[in-house]
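Peer 1: predicted model follows, preceded by the sequence.
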Amino acid sequence: MAQNFSTRVLPSDFKFLSELFFDLRWTYNHKADEIFKALDPYLWDLTHNPYPVIQTVPLDHLNQLKEGREFLTNLNGIKEEWKKLDNSPKWFDEKYPNNKIKNIAYFSMEFGLDESLPLYAGGLGILAGDFLKTAEDMGVPVIGIGLLYQKDYFHQIVDSYGMQNEVYPYNDPHALPISPLRDKSGEWIRIVVDLPERAVTLRVWYAKIGKTRLFFLDSNILLNLPIDRGITGDLYESGREVRLLQEMVLGIGGFKLLKTLNIDFNLCHLNEGHAAFVVLERIYDWMKTNNSGNFYEGLASTRAGNIFTTHTPIAAGFDLFDSSLIGHYLHSYIKRCNINVDDFLKLGRKNPDDTAEPFNMAYLAIRGCNYVNAVSKIHEKVSKNLFADLFPRWPIDEIPVGHITNGIHTPTWISEISDDFWTKFSKGLPNHEKFSRENSEFILQASDSEIWEFKMKNKLYMIDEIQKHMNKMQVCCNLTKKRLFLDPNAMYIGIARRFAEYKRLNLLLFDKNRLKGILSNNDYPVIILIGGKAHPSDNSGKEYIKEWIEFASDMQVNDKVYFLLDYDMDIAQKLTGGIDVWLNCMRRPLEASGTSGMKILSNGGLNCSILDGWWGEAYNDNVGWKIGEKSETLQYFNDDAADAESLYGVLERNIIPEFFNRDKNGISVKWVQKIRQSMADLTPAFSTYRMMKEYIEQAYLPLSENYEKRNAENSKLSKEIVEWENRLSSNWEGIHFATPIFEKTNDIYNVKCTVWLGAIEPEDVKVQIYRILNGKSFITDMKISKIIKGAINGFVYESDIPALISEIDYTIRVIPNHPDVVAPLEFNGILWQK
């Protein structure tokens, strides 16, 4: 293994410590936590980063640990455990022994694997990190591609007025669990991305999670101009020009890296639209490999292996660039693909011919991929509306966006206490089986006292860790000192998200006097723990933080409300490990998925949330509580006063009384039953193991087969598809209908309609009867019953349908048809009877 060259050389008995640090499986192994803690308890608690612990542990202390034997026994135990895992058959290979998936290249702007590798801003990065860990556990051949940022997203402090300030520590790559990627001769691998009149050289680093690799591109190299060294300076650079360069590095540079390493892959998964330039680079690579000058044949061949996951609930969330900027920086990349800049710009516009319209990266991703998914069932509906303009006149339910609901990597987010509880009933099972629906049935048989005891242990551990964190932050921030006693018998409410207006983290403050009344009931003690950051440029988000800090300073409740400064992945794991109730108050339907509430499930926490995102699928009154009602439309159904009233009401009438209603053994029986049902039902349903299986079944397997089919026999099928698309495009508007004839017999309509297809062959289209009944669309294919003599491709189409509604409520339409084409993704034409 080519380790980071600044790693300390350890005595032979302790050499595995370095391997442990560089294998990020330690981030979800509680035994590894104990190993690092034994080296230096204070430094481990302070940093939760193995690097400074390993680098500074005195040799005398290592000798003491060696003499005690227990440390080395535990260290070697992890080594043997991983060796066994590495040599054991993987679920994916056993389940799909003859699959056509080679490797899946997974591109993401951020990856959140652990706080010791701070290359993430929020949920998108955490999801990407959890995804790679899941791929490793299940043996799915995924390779991650990201950027190595020189600075953290930011660390949060507040001033004496309660306003957030940002601190940006430098990410020293030599102190991160990553290594330089070197070739066989020891040379550091570099990738070059050409820019106008200059080139940017990128160093390559990698992280490993078992056998799974995550590559990072780094522009901070002296070979580059100072401005170019800063391309990978800040995560989510706000300047449009540098942001464009970041996305070129990710998409173009990332793809070039895979080719440089000779990695055999046939699928590219774009985690959001930031990486959409993969589409362009992959087409060029195909053209070069196949000695072809046809861009559109390259598009047809490569898009069959591209997947696009959108996490965005509003159009403002898509990355937009001026056409002039695209033309300036990508001119050479476009020209070599044998098209002009205007032709390429059409792929990123809603209206391809509107030259004033900016270039939309999400549109490019959709037009360059053959599978598009949202991240929850509700988000699918939202996304269909967002992208409907790309498919004019298509019914909204046929817009080609599906959904695979996000999940969390349970071993990362489960507390050590909870892990022991689950392991007791699942000894020897790998993680993906341990947290499966079948195995989680044991929870239903666990006694009330077992569940209550493990939940109270989790809470005590959380309280201890939260108190340590708050003590640390009070020292470094100019805050009013508070008495840090967290009552273990209180009910704890957790609220921790990014502070943005649509997340409504301040809904609980809508009526401060009513909230004070809830918190002042000494018979039912309730404590609120709240954390989160606002984007540096989001002044309203900063005001929301200030409002909470001011409320927490109110003498009437200052021992009931605590703001957790500098909320990060580490403190999130502590909080979600022991919280009683997790609160989410977002505006509908702006929660694409949300995963924060999923992280409490295996730990026995319960959710109370707006019915949006994942909770819109998960909720029933046996597993948690709802705030307000579910919106049945995509309109913003968000009355702050009504939702606040619902929230206060469910706290006062349901949550708090249920928690404190105890039996003779001091157990809240009704509460425990909710925990039992939530753990058993929701832990497996909202894990990345379920999520990964759905990506495999819905996207990876079918796309890999289609990709291989399109690229067989010198890409014969792709060329046929392009010819088919050109033929339809040139002649589509020549199709026309006669007035359909309805003949009713009993409760059946016999429908006949003459359709003239002109230069289009009948096998190239489907003629259908379309109707909407009770809000649902019904579609019936029509068959040719007669050829119109003397006409060019004139046919009578016929079908029998139920006479459920008046004939005027039926309409005839023509849609494209090809057995190997994904319509309307690849051809969006549709014609309706006038």
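Peer 2: Yep, that arrived.
Peer 1: am I right that residue 263 sits in a strand?
Peer 2: No - assigned with DSSP: H, G, I helix; E, B strand; the rest coil, residue 263 falls outside any strand and is coil.
Peer 1: wait, doesn't it sit right on residue 142?
Peer 2: No - the criterion here is Cβ atoms under 8 Å, and residue 263 misses it with residue 142 at 11.6 Å. All C-beta atoms are positioned from the backbone trio N, CA, C, and that covers glycine.
Peer 1: ok, these two, which is more surrounded?
Peer 2: Set residue 263 next to residue 142 and count neighbours by other Cβ atoms under 10 Å: residue 142 wins out with 27 against 15.
Peer 1: next up, the contacts around that one.
Peer 2: Applying Cβ atoms under 8 Å, 6 or more residues apart in numbering, one finds that residue 142 lies in contact with 103-104, 106, 131-132, 135, 212, 269.
Peer 1: give the bridge partners for it, please.
Peer 2: Taking DSSP bridges as the rule, residue 142 bridges to residue 104.
Peer 1: do you know how far it is from residue 405?
Peer 2: Counting by Cβ to Cβ, to the nearest Å, the separation of residue 142 from residue 405 is 19 Å.
Peer 1: next: residue 686.
Peer 2: 7 Å.
Peer 1: between these two, which contacts overlap?
Peer 2: residue 614.
Peer 1: what segments of the stretch 101-250 of the chain are helices?
Peer 2: Using DSSP state H, counting those that start in this stretch, the helices of the stretch 101-250 of the chain run over residues 123-138, 226-229, 240-248.
Peer 1: which of those helices is buried the deepest?
Peer 2: Ranked by average neighbour count under the criterion mean count of other Cβ atoms under 10 Å, the helices of the stretch 101-250 of the chain are headed by helix 123-138 at a mean of 25.
Peer 1: pLDDT averaged over that one, what's the number?
Peer 2: The pLDDT scores in helix 123-138 average 97.
Peer 1: residue 32 reaches residue 19, doesn't it?
Peer 2: No - counting by Cβ under 8 Å, residue 32 stays clear of residue 19, with 11.3 Å between them.
Peer 1: which of these two has more residues huddled nearby?
Peer 2: Neighbours were counted for residue 32 and for residue 19 using other Cβ under 10 Å; residue 32 has more, 19 against 15.
Peer 1: quick check: which element contains the more buried one?
Peer 2: For residue 32, the enclosing helix or strand under DSSP states H and E is helix 30-39.
Peer 1: if you count contacts, what does that helix end up packed against?
Peer 2: Using 3 or more Cβ pairs under 8 Å, 6 or more residues apart in numbering; DSSP states H and E, the elements in contact with helix 30-39 are helix 16-22, helix 41-47, helix 50-56, helix 59-68, helix 70-87, helix 416-424.
Peer 1: what about residue 190, neighbour count?
Peer 2: Using other Cβ under 10 Å, residue 190 has 17 other residues around it.
Peer 1: and it, what pLDDT?
Peer 2: Residue 190 carries a pLDDT value of 97.
Peer 1: was I right about it contacting residue 199?
Peer 2: No - counting by Cβ under 8 Å, residue 190 does not reach residue 199; the two are 10.7 Å apart.
Peer 1: biggest strand in the chain, by residue count?
Peer 2: When the chain is parsed with DSSP state E, its longest strand is strand 198-209.
Peer 1: got a list of contacts for stretch 307-318?
Peer 2: 123-124, 127, 267-273, 276, 360-363, 365-366, 368-375, 379, 382-383, 386, 401, 404, 589-593, 695, 699-700, 703.
Peer 1: my read is that residue 298 contacts residue 337, right?
Peer 2: Yes - at 7.2 Å, residue 298 counts as touching residue 337 under the criterion of Cβ under 8 Å.
Peer 1: quick check: neighbours shared by the two?
Peer 2: When contacts are counted by Cβ under 8 Å, 6+ apart, the set common to residue 298 and residue 337 consists of 283-284, 287.
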